[in-house]
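**Student:** Here's my sequence, what's the structure:
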Amino acid sequence: MTLLSKAITALGGLLLGHACYSAREHTTLLSLRAATAATLTSSPTAAGSLPLDIIIETIVSTFIILVGLVLGTRPLRPIEWRVWAGKIEREGEEGFTDSSGAVDKDFVGNPFSLLEARPNFVDIRKQRRDFSEWVRKGDAQRAQ
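**Tutor:** So this is what the prediction gives:
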């Protein structure tokens, strides 16, 4: 995460914490007021909802936190294998580094390297030719 995204997320966290504290204080004062009113009169009053400013502060702070988190994420990787393999072929490891220069922990290199490095299928005809040449060379050496 960059410094800007961390600062935005921290600001949103502080605002959300303040909204939670304000909501707790409001409900505490409301319950105290209801308890006092219940002792003075025999009918208890209904509890009210949160004030509009606390609700708005909660929504705005949640939105600010989300903006900070989205700004701090690294770019999405391609979903299709052929696009990802093409990016690896063109850019190599440099294409999968974050803003600090560290290589992505999920970077595995060329996804097709296993297929490219596998041994070829056995060529029986080539092996037969090699064997027959080996036998002929052995016969030629024995004849001398």
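**Student:** and the helix or strand in which Asp53 is found, what does it pack onto?
**Tutor:** If you go by DSSP states H and E, Asp53 is part of helix 52-72. Packing contacts for helix 52-72, counted by 3 or more Cβ pairs under 8 Å, 6 or more residues apart in numbering; DSSP states H and E, involve helix 3-40. To be clear about C-beta, it is placed using only N, CA and C from the backbone, and glycine gets the same treatment.
**Student:** tally of neighbours for Ile56?
**Tutor:** Per other Cβ atoms under 10 Å, the neighbour tally for Ile56 reads 11.
**Student:** Now do it against Thr73, distance only.
**Tutor:** According to Cβ to Cβ, to the nearest Å, Ile56 stands 27 Å off from Thr73.
**Student:** Name the next helix or strand downstream of the helix holding Asp53, please.
**Tutor:** helix 81-91.
**Student:** What are the buried residues along that next one?
**Tutor:** Trp84, Ile88 (16 or more other Cβ atoms under 10 Å).
**Student:** what's it packed up against?
**Tutor:** Secondary-structure packing of helix 81-91 (3+ Cβ pairs under 8 Å, 6+ apart): no helix or strand packs against it.
**Student:** For Val67, grab the count of nearby residues.
**Tutor:** Residues within reach of Val67, counting by other Cβ under 10 Å, total 14.
**Student:** Next: Leu15.
**Tutor:** The number of residues packed near Leu15 is 18, by other Cβ under 10 Å.
**Student:** how near is the residue lying closest to it once chain neighbours are set aside to Cys20?
**Tutor:** Nearest in space to Leu15, with sequence neighbours left out and distances taken as Cβ to Cβ, 6 or more residues apart in numbering, is Ser61 at 3.5 Å. Relative to Cys20, Ser61 is positioned 9 Å away (Cβ to Cβ).
**Student:** ok, the two, which is more surrounded?
**Tutor:** Higher neighbour count among Ser61 and Cys20: Ser61, with 20 against 14, using other Cβ under 10 Å.
**Student:** which residues touch the more buried one?
**Tutor:** Gly12, Gly13, Leu15, Leu16, His18, Ala19 (Cβ atoms under 8 Å, 6 or more residues apart in numbering).
**Student:** Quick one: residues contacting Ala10.
**Tutor:** Taking Cβ under 8 Å, 6+ apart, we find Ala10 in contact with Gly68.
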